[in-house]
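Student: quick one, structure for this:
(chains A and B)
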Number of protein chains: 2
Amino acid sequence: MSQQGVTPQSEDFARWYTDVVQKADLADYSPVRGCMIIKPYGYELWEGVKAGLDRRFKATGHQNAYFPLFIPESFLKREAEHVEGFSPELAVVTIGGGKELEEPLVVRPTSETIIGWAFQKWIQSHRDLPLLINQWANVVRWELRTRLFLRTMEFLWQEGHTAHATHEEAEAETLQMLGVYEDFAVNDAAIPVIPGRKSDQERFAGAVFSYSIEAMMRDRKALQAGTSHDLGQNFARAFDIRYTDENNELQYCWTTSWGLSTRMVGAIVMTHGDDKGLRLPPRLAPIQVVVVPIYRTAEEQGPVMDAVNRVSTALREAGLRVHVDARANLSPGFKFNDWEMRGVPLRVEIGPKDVANHTVALARRDIAGREGKQFVPQAGLVETVRALLDDIQASLLRQATEFRDQHLHEVRSYAELVEVVDDEWALAWFCGGAACEAKIKDETQATSRCFPLKQPHPGESGPCVVCGQPAREMAYFAKAY
Amino acid sequence: MSQQGVTPQSEDFARWYTDVVQKADLADYSPVRGCMIIKPYGYELWEGVKAGLDRRFKATGHQNAYFPLFIPESFLKREAEHVEGFSPELAVVTIGGGKELEEPLVVRPTSETIIGWAFQKWIQSHRDLPLLINQWANVVRWELRTRLFLRTMEFLWQEGHTAHATHEEAEAETLQMLGVYEDFAVNDAAIPVIPGRKSDQERFAGAVFSYSIEAMMRDRKALQAGTSHDLGQNFARAFDIRYTDENNELQYCWTTSWGLSTRMVGAIVMTHGDDKGLRLPPRLAPIQVVVVPIYRTAEEQGPVMDAVNRVSTALREAGLRVHVDARANLSPGFKFNDWEMRGVPLRVEIGPKDVANHTVALARRDIAGREGKQFVPQAGLVETVRALLDDIQASLLRQATEFRDQHLHEVRSYAELVEVVDDEWALAWFCGGAACEAKIKDETQATSRCFPLKQPHPGESGPCVVCGQPAREMAYFAKAY
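Tutor: As a prediction, this is how the structure comes out:
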């Protein structure tokens, strides 16, 4: 049973987030600093994310496989940028079976290196390409300032790793998978993400180009919700991943990697949640419909429970995820709050009057108060509920899109940028240079989020918002998680 | 493309196993000694195992959750038997984020301790019980003598952990989950396992009673394919897992744990495989039907491929897992061997004659040669194939059951036991004592596998096959993996 009431978003957003994650029973702290425990309700939400992605990966020709948790320390060192990027974040096993190890083993922070080793063995000829692999796994990056789901030492994710004969194919794969993430985020998670290219400073350690989907949270901060990397031939050269082409000549492969993690759960919480708790998009909600029986006397209980069972069975048989809250010792009002905290999209209430009238009361989680409530006939309820869930899914996406668009501002001067990024997102011409990026970061705490793939003024150019040199693209800037 | 030909089982079973696992592309060795790489075909088989178990766990009221990979070293020490059992097998992280850790972190060998910590937080009242949790995870037990799937340092598994108000309920849960494993093994994996209780010597470190399902491999060795433990109050006391009962008094909980791992993949290989490779039960086979087009000329190719596409589409639309082997540079004979190596239950061949006659040729993997082959009309093929797959599933279970029963022998004397366990399984009256068990192990290399739940002479007793003291149960003895 979750406790009721959370800190209002307007009062302290960070506190609101932690309250909701814990009171909605998504996750909890663990005795190991930096690690979290994902509770059943949170894990079921993650299972929905996994299913939505896995279906899309398989539909685009990828296969799952599994590689070792441990990576020889020497492997990390083979790609110069990669080791520099990850060294400070490593957990290292030095003792195994009671003995000091000759070569320490790193707990994988990501698997480019060990999968590179395998690809080198698996790929001989151009006929072995493209090789399209995905792994569902846990990874560890040393991190003690935990924020549940957003930043934890251990997290769950998927990491795609592919090898191709040409750079064009690798780049096409990188963008295809970015598109898969966008499609999942928009259509399943109802999060209107912006796909774009990271600046050189924000690239993945070892990539030629990194892309991400960026989402705006309810506190107007940005959250990078998934990344896709064109690795060029960097890892192919480090791990000798080569193939013989049609002319029987040895060529290095072109590889990619892309990942999305349990952070997505945090993104869902912070995109849709309100002061009553979670609001989950119906496609991912572990419980889509909660049925609450309402009665006062034992005389009322029988007919009410009959109707509850009839209605919930019909909804379940239609393939909907339904929960009946038959707890005897709790008031309907308490239950309403409880399921609102857990973000269940639709509540069905059935009381003695509904039994008499062959109706039920429906309450939408996405529209508060009387406006979100209606009384409908029990006849045809499955169709009514299906249509409402579709409408709630669309409504959450619409609300999030409107919120995002209200807080995106195209700026023309540095002063304007500084003002906007204090609390919102700025879109500005940007040369992409390290010095310009550093100046913004130092003076505003904001970072470049991405050069959006869909540029607002395609074909045009303008002066970089910092240095004034000509820039061919605009970028988003915001404070970020 | 898999290479063809494996060492015959009769020549060297261990070598046969390794050949098949590698040539059927199930798994491969890794650069980290003791760890393996699960290749896509092997991982898909594991995904089938996961789906079959997960469905059963949820149907019996369990929920998935996720707990940290790392466990504080001190946790392991709280349960005396547990730490003694696992200490020699631990991988220990001593460095994190570049610094020596104050308290080393153990990479989980199993999660009783950290889940015990969580249960202590989650359980207050009898209303919180039973608490029924499962985790899908990787675990690490230090082990350098690797056998792919059977014994690896890191392996994938599920571990169930439950807490109950009474010992009776905990014991019922332990046996229920043993039954779930048996049901999965028999009906999905076509492995006729024997459920039973382990001897005190073979108990899980920290359990009061351990149960297992035991399977006979084609070399007549035993493989423990899943275990279920009644943990009594051992972990509840070590981690202070208590609840207030109806009288508002504090009571310790009774807990259970149960696990099944990627070892099951090895069990499937060694139960059904033959000298041509794998033989997979249709319910778990990643590919249930492979369609091989047969043609010599370009003129033949068009009509053959039309029929192949029509047939494969119809089978796929019926929900079957179908693969078309359209590789141009390989002969039909090579392809037949290739898919036999990978254990695909049913092969569909379509050539010019089949096109003319509106037929296809079907070849069963479970029955070798002409006997397993038939020509059937294309009309009604979905129903024909469905019925055949059911028949193949039943046939594999029947073959494995007959094989097992041929090699189980009830023995009445120690001399007879010694002779039988050299190469088969003996069933004997057994007192369960440590000295008797040690004598058998020392002199024969066999161990007690279990006291089967279904005793052959219920209500009777007999003299222990070693010491001659009265014994109330019979146990199986065999050499084991």
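Student: could you chop chain A up by domain?
Tutor: Listed by automatic domain parsing, the domain ranges of chain A are A:13-272, A:289-388, A:408-478.
Student: for chain B, which of those is the nearest?
Tutor: domain A:13-272 (3.5 Å; CB to the nearest CB). Where C-beta positions appear, they are placed from N, C-alpha and C, glycine not excepted.
Student: what does the lowest-mean-pLDDT helix or strand in chain A contact?
Tutor: Lowest mean confidence among the helices and strands of chain A (mean pLDDT, DSSP states H and E): helix A:80-86, at a mean of 84. Helix A:80-86 is contacted from outside by A:76-77, A:109-110, A:112-113, A:141, A:204-206, A:234-235, A:238, using CB atoms under 8 Å, 6 or more residues apart in numbering or on different chains.
Student: quick one: closest of the domains of chain A to B:Arg283.
Tutor: domain A:13-272 (19.2 Å; CB to CB).
Student: tell me how far the closest one lies from the chain's centre.
Tutor: Relative to the chain's own centre, domain A:13-272 is displaced by 12 Å; criterion: CA atoms, centre = their mean, to the nearest Å.
Student: contact partners for A:Phe235?
Tutor: Applying CB under 8 Å, 6+ apart to A:Phe235 gives the contacts A:79, A:82, A:112-113, A:116, A:206, A:241, A:255.
Student: pull the most distant pair out of those residues.
Tutor: Maximum distance among these (CB to CB): 14.5 Å, for A:His82 and A:Ile241.
Student: still on that earlier bit, possible to save the contacts of helix A:80-86 as CSV with pLDDT and secondary structure?
Tutor: Listed next are the contacts of helix A:80-86 as CSV, based on pLDDT from 0 to 100; DSSP: H, G, I helix; E, B strand; the rest coil:
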residue, pLDDT, secondary structure
A:Leu76, 88, helix
A:Lys77, 87, coil
A:Pro109, 96, coil
A:Thr110, 96, coil
A:Glu112, 95, helix
A:Thr113, 95, helix
A:Arg141, 95, coil
A:Phe204, 91, coil
A:Ala205, 88, coil
A:Gly206, 90, coil
A:Asn234, 95, helix
A:Phe235, 95, helix
A:Ala238, 95, helix
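Student: and the buried ones among these, selectable in ChimeraX?
Tutor: Here is the ChimeraX selection string for the buried members of the contacts of helix A:80-86, based on 16 or more other CB atoms under 10 Å in any protein chain shown:
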select /A:76,109,110,112,113,141,204,205,206,234,235,238
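Student: make CSV out of the contacts of helix A:80-86 and add distance to A:Asp306.
Tutor: Output for those, formatted as CSV (distance: CB to CB, whole Å):
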residue, distance to A:Asp306
A:Leu76, 63
A:Lys77, 69
A:Pro109, 56
A:Thr110, 55
A:Glu112, 59
A:Thr113, 61
A:Arg141, 54
A:Phe204, 58
A:Ala205, 62
A:Gly206, 63
A:Asn234, 66
A:Phe235, 63
A:Ala238, 67
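Student: tell me which of the contacts of helix A:80-86 is nearest to A:Glu416?
Tutor: When the contacts of helix A:80-86 are compared against A:Glu416 (criterion: CB to CB), the nearest one is A:Phe204, at 30.6 Å.
Student: quick check, that closest one in contact with A:His229.
Tutor: Yes: contact criterion CB atoms under 8 Å: A:Phe204 and A:His229 qualify, at 4.8 Å.
Student: residue farthest from the centroid of chain A?
Tutor: A:Glu299 (47.9 Å; CA atoms, centre = their mean).
Student: just checking, what packs against the helix or strand hosting that residue?
Tutor: Remark: A:Glu299 resides in helix A:298-317, with elements defined by DSSP states H and E. Under the contact definition 3 or more CB pairs under 8 Å, 6 or more residues apart in numbering or on different chains; DSSP states H and E, helix A:298-317 sits against strand A:289-293, strand A:322-324, strand A:346-350, helix A:352-357, helix A:381-406.
Student: let's see it at 6 Å
Tutor: strand A:289-293, strand A:322-324, strand A:346-350, helix A:352-357 (3 or more CB pairs under 6 Å, 6 or more residues apart in numbering or on different chains; DSSP states H and E).
Student: quick one: buried residues of the last one?
Tutor: In other words, helix A:352-357. Buried residues in helix A:352-357, counted by 16+ other CB under 10 Å: A:352, A:354-355.
Student: need the residues you listed in TSV with distance to chain B and pLDDT, can you?
Tutor: Formatted as TSV, the buried residues of helix A:352-357 follow (distance: CB to the nearest CB, whole Å; pLDDT from 0 to 100):
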residue	distance to chain B	pLDDT
A:Pro352	27	97
A:Asp354	28	96
A:Val355	28	97
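Student: any chance you could list what contacts stretch A:117-134?
Tutor: Residues outside stretch A:117-134 that contact it (CB atoms under 6 Å, 6 or more residues apart in numbering or on different chains): A:57, A:61-62, A:64-65, A:158, A:160-165, A:239-241, A:243-245, B:31, B:37.
Student: the same query, at a cut-off of 8 Å, please.
Tutor: So stretch A:117-134 is in contact with A:54, A:57, A:60-65, A:67, A:75, A:115, A:158-165, A:169, A:173, A:239-246, A:253, A:255, B:28, B:30-31, B:37, B:40, going by CB under 8 Å, 6+ apart.
Student: and for stretch A:451-466?
Tutor: For stretch A:451-466, using CB under 8 Å, 6+ apart, the contacting residues are A:175, A:178, A:194-197, A:199, A:211, A:410-414, A:417, A:427-433, A:435-436, A:439-440, A:469-476.
Student: 7 Å instead, please
Tutor: A:194-197, A:410-411, A:414, A:417, A:427-431, A:436, A:439-440, A:469-476 (CB atoms under 7 Å, 6 or more residues apart in numbering or on different chains).
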